[in-house]
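Q: model this:
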Amino acid sequence: MNDTVMSIVAIFLAAILMFIFPLMSTADRTDDISQQAVQTATTEFVDNIRSTGKITEDKYNSFVSKIAETGNSFNVELGVSELDESSKKKTTEAASTKVGENNYIKVYGSQIEEELGRTGTYNLKEGDIVSVTVKNTNKTISQILKNFFYQVTGNDTYNIAAQHSGIVNVNAK
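A: Purely as a prediction, here's the structure:
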């Protein structure tokens with residue numbers, strides 16, 4: 001009887017070692033590949049905005065569909081800090097390159113998306129700062145397996161995220 005129980009336990013452990021851990025490893029690699037793809041797409045999207053000075057509806061939709069190709073759902077936070085031209089007029093010097101003279105007005109994603117829906121383009125000027133943050137909203141297979149075996153991830157955690165920002169180099173306004 002004792003040998004039978006030990007055999008069953010040995011078969012159960014062998015099944016875990018042969019199937020579950022390779023599955024977890026493969027799921028982790030899939031998340032790594034998705035992470036890399038999302039980071040690359042985010043960087044390309046922001047760099048395109050910086051070099052053209054505008055956000056177009058086509059480019060935004062293309063970016064969202066490109067990150068969705070990973071098979072995950074994402075929350076995209078798009079933000080622009082517009083350089084306030086009126087603050088320069090109050091200073092005695094006309095040089096905008098001095099530290100402390102630039103004030104920025106924050107424009108949020110919903111405002112940008114509203115403008116994209118109306119005109120199809122959101123124009124920026126040189127000196128504006130654009131930032132994009134992407135986080136997955138679904139649980140990946142890797143997160144589900146880790147929750148099952150280790151109880152390490154929570155409901156608010158994300159596994160795939162990317163962030164990129166930069167200063168616009170071209171006037172589009």
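Q: packing partners of the longest strand anywhere in the chain?
A: Counting by DSSP state E, the longest strand found in the chain is strand 74-83. Contact here means 3 or more C-beta pairs under 8 Å, 6 or more residues apart in numbering; DSSP states H and E; on that basis strand 74-83 packs against helix 57-68, strand 104-107, helix 109-119, strand 129-136. Any C-beta I mention is one placed from the backbone N, CA and C, and that applies to glycine too.
Q: find the centremost residue of this protein, please.
A: The centre of the chain sits closest to Val134, judged by C-alpha atoms, centre = their mean, with a distance of 1.9 Å.
Q: once you drop chain neighbours, what's closest to that residue?
A: When the adjacent residues along the chain are set aside, Val134 lies closest to Ala162, with 4.7 Å between them (C-beta to C-beta, 6 or more residues apart in numbering).
Q: how many residues are close by that neighbour?
A: 23 (other C-beta atoms under 10 Å).
Q: please apply the same query to Glu114.
A: 12.
Q: check contacts around it.
A: Residues near Glu114 by C-beta atoms under 8 Å, 6 or more residues apart in numbering: none.
Q: which of the helices and strands in this protein ranks last by mean pLDDT?
A: One helix or strand of the chain scores below all others by mean pLDDT, DSSP states H and E: helix 86-89, with a mean of 55.
Q: figure out the length between the terminal residues of stretch 109-128.
A: End-to-end span of stretch 109-128 (C-alpha to C-alpha, to the nearest Å): 15 Å.
Q: so for that stretch, mean pLDDT?
A: For stretch 109-128, mean pLDDT is 91.
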